[in-house]
Every structure is written in C-alpha cells, then in structure tokens.
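Trainee: Return atomic coordinates for the entry below.
(chains A, B and C)
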Amino acid sequence: MTATTSLPPAEVRARTHVVIRRPKPTKHLKNVLMGVGGWLGSLILFLPIAYMLLKSFQTESDAAAATPKVFFAPTMENYEDVFSAGFWPYAINSLIVVVVSTLVVLVLAVPAAYALSVRPVEKAQDGLFFFISTKMMPMAAAIIPVYVIATALGVLNTLGILIVMHIGMNLPLAIWMIRSFMQEIPEEILEAASVDGASRWRAARSIILPLVRPGLASTALLCAVFSWNEYFFAVNLTNSTSTLPLFLQKFLSFGELYTAHVAAAATLLSIPVIIAGWMAQKSLVRGLLFGAVK
Amino acid sequence: MAKTITAPRPPALVRELTRAERWKIRGPLLPALIFTILLTQLPFLLTLIYSFQSWSLLSNKPAQFNGGANYLTTVQDEIFWRSIGNTGVMTGVSTVACIVIGLLLALLLNHTFPGRGIARTLAITPFFVMPVAVTLFWRSAMFDPGFGLLGWFSRLVGLPAISWLSEYPMAALIILLTWRFTPFAMLILIAGLQSAPQEQLEAARVDGAGPLRQFRFILIPHLRPYIELAALLLAMNLIQTFGEIALLTAGGPAFGTTNITYYIYLKGFNGFDFGTASALGIAALLITIALVLPALRLLSGIFQKEGRR
Amino acid sequence: MQIGPQRTKAAARVLAVTAAGALLAGSFTACSTDNKGGTAGGDVTINVALAANPQMKTAESLISDFEQKNPGIKVKFTTLPENDLRPAVTKDVATKAGQFDVAMMGSYEVPIWAKNNWIIPLEDYATKDTAWKKDDLLEPIKDIVSSDGKLYGAPFYGSSSFLFYRKDLAQKAGVTISQTPTWEEIAAAAAKMDDKANGTSGICLRGLPGWGQNLASLTTVINTFGGRWFDEQWQPQLTSPETTKAVQFYVDLLREHGQADAAKDGWEGCLQKMSQGTTAMWYDDTVFAGSVLNQATPAVKENLGFAMAPTGPADIKSGWLWSWGLGITSSSKNPDAAWKFISWVTSPEYIKLAGEKSGWDSIPPGSRTSTYELPEYKKATAAYADLTLDSINAANPTQPTKDKVPYSGVQYVQIPEFVDIGDFVSQQVAGAISGTQTVEEALKKSQDYATNAVKTAGYLK
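Mentor: Now for the predicted structure:
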C-alpha cells in the first residue's frame, strides 16, 4: 500500500479533498471485484475439466442425458473398464518414454546452452537460430522420411523411435530456456570461476549447475508434459507398443456409447501431468520470470 | 550492483584463440548439434528428394523421378491453398485470443485475494490435460447440441442449440485451442507482471495516474517482450495442431478446418501418396519460413536485449 | 564447495546417463515384435491387427480357448478403430514392414491387396482344413473376400444394411412401415415422426465425412435412385440427373428431419441416438442390431423394429454388402500359425462358443449358413436374423446399379483410387449437409475431382 501516512499540506488537502477520500472504499471495492473476477475466470477455465470429472462417475445413459445430471448414482465402472482394457502396459511405456527422453534432453541441452551463453562459440546467435528454426518445420512434412528410415532400420513400433523423436521435439526449447537461465548468472561469479582454466569443467558443475537448478526443473517439467501428451508420432510410428494417447484409441470401441468412458480415461491420463503442473507452477513462473525474457 | 573485480584481466583472454581452444569451446555444443542435424536435416533432405518423385504406396510401382509435377499439382490444388488459409486463421485468431484472455487473467490473478493460489492452480489445468482425450470429451460432452454442456446453456437462455461441428467448425476448433493454450500465455504474462517496475508504477500512482494510464504507459511497454515471447511460442505450437483437428472435425466439413499438417497427413498416410505429400511438406515449409521470418527477426530483437556477450 | 557431495552427485549423474543410455539402446530392440519362426517346441508369437468392434473384443476375451487348443502359439493383439486400422495395416503391408502376421481387412481392401501380393491366398489352407467347413460360408460374402476365384480373406462377419425403426413412435404418429419400404415412404414417415421439441429426430443418417462413413449410405441411395458413380467408359456420373436427385434427397431429408449437427455423425453417433431413443429411424449396417439392443433403453428395446433397406424410383434392392475378413500378410514368417488363429476365430465352433459365453447378440453374424440354423441364435435374434440373411442375399456387387458399370461394389467402387476420391467427395457432401454449400456445388466439385483422378490413374482415356 502506498499512501503516505502523514496528512498533505492544507492547500493540497483543500484541492484534492475528494481525491484523498475516494480511494479507500473504491480500492476495497476494486479488490473485491478483482478477486471475484479472478475466481470467475479460473472457474470458467476449469469448468470443462470439473465437468469431465463429474461425467467420469456417471453411467453412459446418465451421461447422455440432455440436461446435465448433477445428482446421480455414481459408479466406478468406467474406471474399472479403463484398467481392464490394458491400461498399465501403455502407462509404463509412456513413463519410460517421458523419463528417458527428458533425461537425455537435459544431458544434451545443458552443455549446448553453456556453449551458447557462458562460454559462447562464435556465431552463437546463428546456432540458436538454427535450433529454434527446426521447430518451425511442420512436423507432418518430416514424418514420411522418418517412417521410411524407421522401417528400414526395423525400429517401427518400438519405444526407442518415440524417445528419439521426443528428444528432437524438446531439445530446441530446452536449449533456449536453459541458456536464458545461464545468462542470469552474474558475471563476477563466472569470472571468479574461470580464472583457472584447467578447472573449467569443475567450475561449471559446482557453480553453474546449482544456480540454474530451478530453471532445469521447470524446463524438465515442460519437456515432460509435451512428451507425455505427444500424439502425432505415436499414431504414425507405433501401434501395439505405444503410449497412453494411443491407448485411448484402442479403448474406444466401435458400437459402444462412450462419453463417460472418455471422461474417465481422460481424467486418468491427465492426472500425473496435472499434479506435476500444480506442484511446479511456482517454479515455472519463476523460471519464466528469470529465464526466457530479460 | 556488480562488484568490481580487483584482479586485472588476464592477458590470455585478449589474444586470438588457437584452433584447439576454439574446438574446446565448441565441444559442449556438438552432441546436441549433431543430434539435431541428423534428426531434422536428414529427413528434410529426403522429403526434398521424394517431392520430386511419383511415389504412391497403393500403386505398388516403384518411385520414379517426375520433375516438378508434384509441385505443379500442389500449386493448382485448391485444397492446399485452403489449408494454408485455415492454418493462418486458426493460428492467428487463437494466438490473439490466448494473449488477450491470458493478459486479462494474469492481471486478475496477480492481485492478492483469498484463495489466489488455488484459483491459479485451477486456471492452469487446461494446459496440462491430455489433448487427445480432452478433445474427444469436448466433442461429445460440450459441443453436441443434444446433450452437450454448451447446448444446455443455450437452451437455458432460450436460444436454439448451435450445431457447432456442422455450422461453425472453425469457431469450435478455435474455442478448444484457446481454452487449452490460454493458461500457457497467462503464466508467461504473470511472470511479466511480477517483474514489472514497481517504482515506476509507484511514481505514476502518486502523480495521480489511474490504473488505465498506468496500464497503457508502463505495463504494456514492459510486457511487450513477454507478449512477443508468448505469441511466438503459441504460434509455433498451434501451427502443428493435428490431434484436435483429427478428432474434432476430421478436417471438415468440406475441408473447412483442415490445416496444412492435417492435409499432409491425409495425403501421405491416408491416401499413401508419398510423392505429393512430400511436395506439400516442402511448400508448407517455404510458406512457414516466409511468414515466420518477421517473427525470427523479432526473436533477434529479444536476443539483442538480453545478449551481453 | 565440498568434494564429497559433489563427487556423489557427479557419480549419480553419470549413473543416470548411463542407465538412460542403456534403456535407450534396449528399448529399441526389447519391445519390438518377435517374429522368429518356431522351432519344434518353441513358442511362436503372431501379431494380429484388429478393428475395435464388440465382436472382436469378445474374440480377444476368449483367446485362452485358442491357446489351449494350440499350445506353443501366442497371440498379440493390436486393436484400433476402423478408420485407423486401415491406414496402419496398409502402411505395414505396402512397405512390407512385417509388423503383422494377421490383418483384419475390409472386403474393399481384399481384391486390391491380393493383386498387389500383399496377402497370401488362403485357398489351400481352407481346402485342407476340412473342419473349417469352407462350403458353409455364405456365398455372396465368400465372393467379396476372394480374388480371381481364390479365397484371400476368412470372413469374420458379413453384413448388409437395413432400416431400424421405433414401432411405438410410428404407431403414435399414425404411420406404418412396410417390410420393403420405399424412400418416399420413409421420408414421409420421418416428417411425421420428427419431434424436435421433444428432442427426437425423425431419422438418423450418416453425415460424417469419410468414404466408409456418409458415402456408404449415400451410394446405396444413389444406386436405388438410378444413378451411378461411373459409366462404362469411366466417365464420372456425379452430376447426372439421377445422382443429383438422390443426393439432393439425402441432404434434404437430413436437413429437414434428420439429427441435429448431422455432419458430425457417423454410424457411432447414430448408434448412440438410436439406442438412447433420440431418433425414430436409422438406416445402417445390419451388424449393429445386436449392439443397439445391448445398449438400448427399455423403451427402445421393447419397440425396435426392422425393415429392408428402402428402395428408390429405380426400384433396385439397395442393401449393401460388407465383410471384415482376416488375411495373412506376405511378410509373415509364421503363416501356418497365423492360419490356425484365423481358422479358430472364424469357425462354426467359435461362433457357438461366443454365443454361449457372451450372448447371442454379440456373435459375429452374416458369415456362415450354419449360424442361421442354430436354434439358440434363431430364438435370440428372431427380430432381425432373417432380414439380415435376406439383405445379404439380395445384394449384387457386380451389378449394383440400374445401368451397367465398369466397377464392382455396392456402397463403394472397387478401385484403389476410391479412398482418395471418396474422401474428397464425402467432404463435399458433408459441406452440403451442414449447409456450407449447395448440392450442385458439392457435386460439381466432386465431378471435377473424380474426372481428374480417373484420368490420372488411366481408367478414363
């Protein structure tokens, strides 16, 4: 709060009498309105998800009712059906792909970011441009040769090919974000560390890494989210050995009502990522705050 | 405030670097660079080669060089141009909507009020749900005029239920995409607001500037790089939209919601015409580059501001 | 900055990276399909690609019966929705990627894939395996999964199309639906039974784009109105008076008395509406009879009636002909084991097993004569079994239209290019259904596209 606690001089008071008195109730009203607005906006955004949660506990006939039912007899049958349809193999596959690809992305991105910021190569800008430009290419154009090569190498329908594609998908973003975090590190710390050239490696590990750790966490989270939800590569390069987005397809069978089942599957599939996102939102904001834009 | 270094600059840093030293510097970059080159440039080269061939899996004939025939077909293909237009509309409108709504929400959620943490948590959820699953849900439980939520709302207020996917498929798609990506924009903008120059805002308030003027003359200029970043990241993701289109509208009706990614998929993996699909891909790449070049220049603007080496 | 924790952290990091690397290398090979041929006593795994339908789900659940009878053969299923199965399997057989031993194929694919040598003939297997009773197969169904007289696909189920309707709603509206109705009658009935205020549409028809979605129903309507896709010289006939009349009829019926937002509904959407009672009539595949009854609300279940596919001015029997068949891919390394699976799941014994374990409404219908002689089946499906059989027998894929045509197929055109042409036309039709364009515009664009396509492919000189 900003207002001075002492009273302004008489002439000012006389002139600005109304101005001084108005802020208090208006400000309070404004705060209330902002609070209400904030809640309203958040609830509107969250509404479809809350609705999805609701529907996941309904029977299909309840779910197909023209007037949304708020009171109904809840059932777990949709969730049971999801688990009995072979959920776990796909979930494990998703976990493997996400963890491995995110780890490898970090391992590749940290040194690359270092070489583009702390101790930059010449033409570091061009290097960065190159990485970012690979995100501009419509994925669909590259998929055909990837499919052909994967067939020739015999790696279709394996987790490995998905891991490789996910790494390629996330690497530019990771390099960009981690580089930004590294640029945040004050010059003098880096100078002090690089006085002795032979221990540059140790300097990097023991000084730089701990400083960018929150940035690494938020980068890893973002990469994990994109990898978990990734659909295009999964649908074109795999079928029986695949990740959760493809499980959904298998789960929806022809000739059966499906709204409640989709709701249950969607809720289940999204839970890990939502929880991770909720826990890490502070670090995400901080990361964006310190990182991506100066 | 930077502490001054007392030691003089070592002479070693002033001279030209030897070749060995240059390579030592490049070292850390190489793994990522080589990986990316292999994964992106190699397929790009192959796509280029295929685009000059007549190659359809279904015809069971081997691929044959056919000059620029595929490109000619592409340029004359009305659906191709339509999909480019659709991509522009989808991406542009969704990006703008996400930023506007995201900004509004960021402003609201930046103020302290009871339960703000929870509200923020709820608001970011749409970004994290699995797109495929949530698209299927929207298709039936939200958009269906018979039992969807939106249909129920309109009946409640006495309006006829809109047949979203038949009459306004593009609007339906944009609504879905905006809903999914607004939280992302909002997070970036909250970061921007939190780093807003408090002293300037203070001074302005004391000078008597109302919230609107503060907004226009201080916040917006400060937020500009954040807005640009958000717009760039959003656009990059939205151009690649595939799952939502495939599951919500199947690109229709009459190719009304087919974007370039989906069209390439249709030609390549539905019609199995690899030659034409590759030409489409190259054409799409050229157009994307042409449109995105200004954005890349923007990027360099951001870099220059933050670059200090 | 102590050395201790640093080293530990560093070591941990290296370990993590190595582990990731090992996992990465391993995951390339570990989870790939195992196609090694079985030596005596060794376990053979066959990979089966299936469409995700209830009948196939039942088969998956009964797989232990197969594995008991065939020790040493393990079956791995890949189940995909119909629209995704087709591209996935086509990709595999066309590039000989070898991911699948057994592939479920539609009767549309069988002749094409046979000609391309992507699947192997089953004729010898079928003749040698007398227990499989090749002659028990319904003749029309056997024909559409064969090529050049040789069997290439073992029919899992066969179907045609007919009309579903609500007897109670018809009575209430004062209409009678005959067993062999005309489209004119049905349009009038739809008008009378249409009750938008109460959320019931007069009829539900496929509107969703896709050559196997809206175009399937629409093509049968075109046929029975006297139109056709191509004349004998392969000139497209999409703008002929009969075809135009048929498409206009279909679009008008949908827009006036059909379900709301029709362009988003394929058979999935209409199935839901029929079983939940939000539509009075539905024209679609006979195989859905069991599914509708399984999911129906009580009001629907007690009042469901069936009639033959409606006919148009040209008075042509318009039920379509379709079969999902199982074939062995040329790239399979275990064709014998693959045949064992195929013969199990398409045998009369399996049908009995499925009926007993999962209910007679869920067995795969329309493939064998013996199915229709089972007393339990006859009893459980009295309402629609005979109509199904009659519809299948009435369909004529080699002459489905009034005038002669150079192609075969009732609800599709048996040429490889049809997927591309059909998808384009179906999109245009969906545009007309949703009101984005007129029927004339849709057909004009379709005519141009089709002409171009058959010229490029060499059919049209």
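
Trainee: The closest residue to chain C within chain B: what secondary structure?
Mentor: In chain B, no residue comes nearer to chain C than residue B:254, which is 2.9 Å away by Cβ to the nearest Cβ. C-beta: built from backbone N, CA, C; applies to glycine. With DSSP: H, G, I helix; E, B strand; the rest coil as the basis, residue B:254 sits in coil.

Trainee: excluding its backbone neighbours, what's nearest it?
Mentor: residue C:431 (2.9 Å; Cβ to Cβ, 6 or more residues apart in numbering or on different chains).

Trainee: From what I see, that neighbour and residue B:251 are in contact.
Mentor: No - Residue C:431 is beyond contact range of residue B:251, at 11.7 Å (criterion: Cβ atoms under 8 Å).

Trainee: Got the phi and psi for the residue of chain B closest to chain C?
Mentor: Note on residue B:254: backbone dihedrals following degrees, to the nearest 10 are phi 50, psi 40.

Trainee: Now do the end-to-end distance for stretch C:177-184.
Mentor: 11 Å (Cα to Cα, to the nearest Å).

Trainee: now swap in stretch A:229-246 and tell me
Mentor: Stretch A:229-246 has its terminal residues 10 Å apart, counting by Cα to Cα.

Trainee: tell me the mean pLDDT for it?
Mentor: Stretch A:229-246 carries an average pLDDT of 85.

Trainee: does chain B sit close to that stretch?
Mentor: Yes - using Cβ under 8 Å from any Cβ of the partner chain, stretch A:229-246 reaches chain B at A:229, A:231-232, A:236, A:244-245.

Trainee: element containing whatever residue of chain B ends up closest to chain A, please.
Mentor: Ranked by Cβ to the nearest Cβ, the top residue of chain B for proximity to chain A is residue B:281, at 2.5 Å. Taking DSSP states H and E as the criterion, residue B:281 maps to helix B:274-306.

Trainee: Could you list the buried residues of stretch C:393-400?
Mentor: The neighbour-count check on stretch C:393-400 (16 or more other Cβ atoms under 10 Å in any protein chain shown) flags C:393-397, C:400 as buried.

Trainee: sec struct for the residue lying closest to residue A:237 once chain neighbours are set aside, please.
Mentor: Of all residues not flanking residue A:237 in the chain, residue A:161 sits nearest, at 5.4 Å (Cβ to Cβ, 6+ apart). Taken by three-state DSSP, the conformation at residue A:161 corresponds to helix.

Trainee: Let me know the pLDDT of residue A:161.
Mentor: Listed pLDDT for residue A:161 reads 93.

Trainee: for residue A:289, same thing?
Mentor: 64.

Trainee: Could you look up the next helix or strand downstream of the lowest-mean-pLDDT helix or strand in chain A?
Mentor: Scoring the helices and strands of chain A by mean pLDDT, DSSP states H and E places helix A:17-21 at the bottom, with a mean of 48. Past helix A:17-21, further along toward the C-terminus, the next helix or strand under DSSP H and E is helix A:23-56.

Trainee: in that next one, what counts as buried?
Mentor: Result for helix A:23-56 [16+ other Cβ under 10 Å]: buried residues A:34-35, A:37-39, A:41-42, A:45-46, A:48-49, A:51-52, A:54-56.

Trainee: Export the buried residues of stretch C:393-400 as CSV, with columns for distance to residue B:34.
Mentor: As requested, the buried residues of stretch C:393-400 are exported to CSV (distance: Cβ to Cβ, whole Å):
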residue, distance to residue B:34
C:393, 65
C:394, 65
C:395, 60
C:396, 62
C:397, 56
C:400, 58
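
Trainee: Of these, which is the nearest to chain B?
Mentor: Distance to chain B across these (Cβ to the nearest Cβ) is lowest for residue C:397, with 20.8 Å.

Trainee: sorry, back to before: how about the buried residues of stretch C:393-400, which pair is most distant?
Mentor: The distance between the two most remote of the buried residues of stretch C:393-400 (Cβ to Cβ) is 14.2 Å, for C:393 and C:400.

Trainee: Tell me the first helix or strand C-terminal of the helix or strand where residue C:162 lies.
Mentor: Using DSSP H and E, the element containing residue C:162 is strand C:161-166. Once the chain leaves strand C:161-166, the next helix or strand it forms, by DSSP H and E, is helix C:167-173.

Trainee: What mean pLDDT does that following helix get?
Mentor: Averaging pLDDT along helix C:167-173 yields 94.

Trainee: who does that helix touch, helix- and strand-wise?
Mentor: Contacts defined by 3 or more Cβ pairs under 8 Å, 6 or more residues apart in numbering or on different chains; DSSP states H and E place helix C:167-173 against helix C:183-193, strand C:304-308.

Trainee: Indicate which one of these is closest to chain B.
Mentor: Among those, the nearest to chain B by Cβ to the nearest Cβ is helix C:183-193 (16.7 Å).

Trainee: what element comes up after the closest one heading to the C-terminus?
Mentor: Remark: after helix C:183-193, the chain's next helix or strand is helix C:214-224, criterion DSSP H and E.

Trainee: Briefly note if that next one comes near chain B.
Mentor: No - contact of helix C:214-224 with chain B (Cβ under 8 Å from any Cβ) is absent, the minimum separation being 9.8 Å.

Trainee: Go through that helix and flag the buried ones.
Mentor: Neighbour-count burial for helix C:214-224 flags C:214-224 (criterion: 16+ other Cβ under 10 Å).

Trainee: Now do the helices in the stretch 351-461 of chain C.
Mentor: For the stretch 351-461 of chain C, the helices defined by DSSP state H, counting those that start in this stretch cover C:375-380, C:385-394, C:418-434, C:439-457.

Trainee: Give me the domain ranges for chain C.
Mentor: C:7-159+C:322-382, C:161-319+C:397-457 (automatic domain parsing).

Trainee: So for the shortest one, mean pLDDT?
Mentor: By that I understand domain C:7-159+C:322-382. pLDDT averaged over domain C:7-159+C:322-382 gives 83.

Trainee: hang on, the earlier thing: between the buried residues of helix C:214-224, which sits nearest chain B?
Mentor: Distances from chain B to these, taken by Cβ to the nearest Cβ, are shortest for residue C:214, at 9.8 Å.

Trainee: can you tell me which residues contact the residue nearest to residue A:237?
Mentor: Counting by Cβ atoms under 8 Å, 6 or more residues apart in numbering or on different chains, residue A:161 touches A:150, A:155, A:233, A:237-238, C:28.

Trainee: For residue C:311, which of the helices of the stretch 351-461 of chain C is the nearest?
Mentor: Counting by Cβ to Cβ, residue C:311 lies closest to helix C:385-394 out of the helices of the stretch 351-461 of chain C; the figure is 10.5 Å.

Trainee: Tell me where the model's unsure across the chain.
Mentor: By default, I'm working from chain A. For chain A, applying pLDDT under 70 flags the ranges A:1-25, A:192-201, A:203, A:252-257, A:286-294.

Trainee: think we crossed wires, I meant chain B
Mentor: Within chain B, the ranges that satisfy pLDDT under 70 run B:1-17, B:293, B:295-309.

Trainee: what about the residue in the stretch 251-400 of chain C positioned nearest to chain A, which helix or strand?
Mentor: Nearest residue of the stretch 251-400 of chain C to chain A (Cβ to the nearest Cβ) works out as residue C:291 at 3.9 Å. For residue C:291, the element it lies in under DSSP H and E is helix C:288-295.

Trainee: Report all helices and strands that that helix contacts.
Mentor: helix C:54-61, strand C:161-166, helix C:267-276, strand C:304-308.

Trainee: Adding mean neighbour count and distance to chain A, write those out as a markdown table.
Mentor: What follows is these, written out as a markdown table (neighbours: other Cβ atoms under 10 Å in any protein chain shown; distance: least, Cβ to the nearest Cβ, whole Å):
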| stretch | mean neighbour count | distance to chain A |
| --- | --- | --- |
| helix C:54-61 | 20 | 5 |
| strand C:161-166 | 25 | 13 |
| helix C:267-276 | 25 | 5 |
| strand C:304-308 | 19 | 15 |
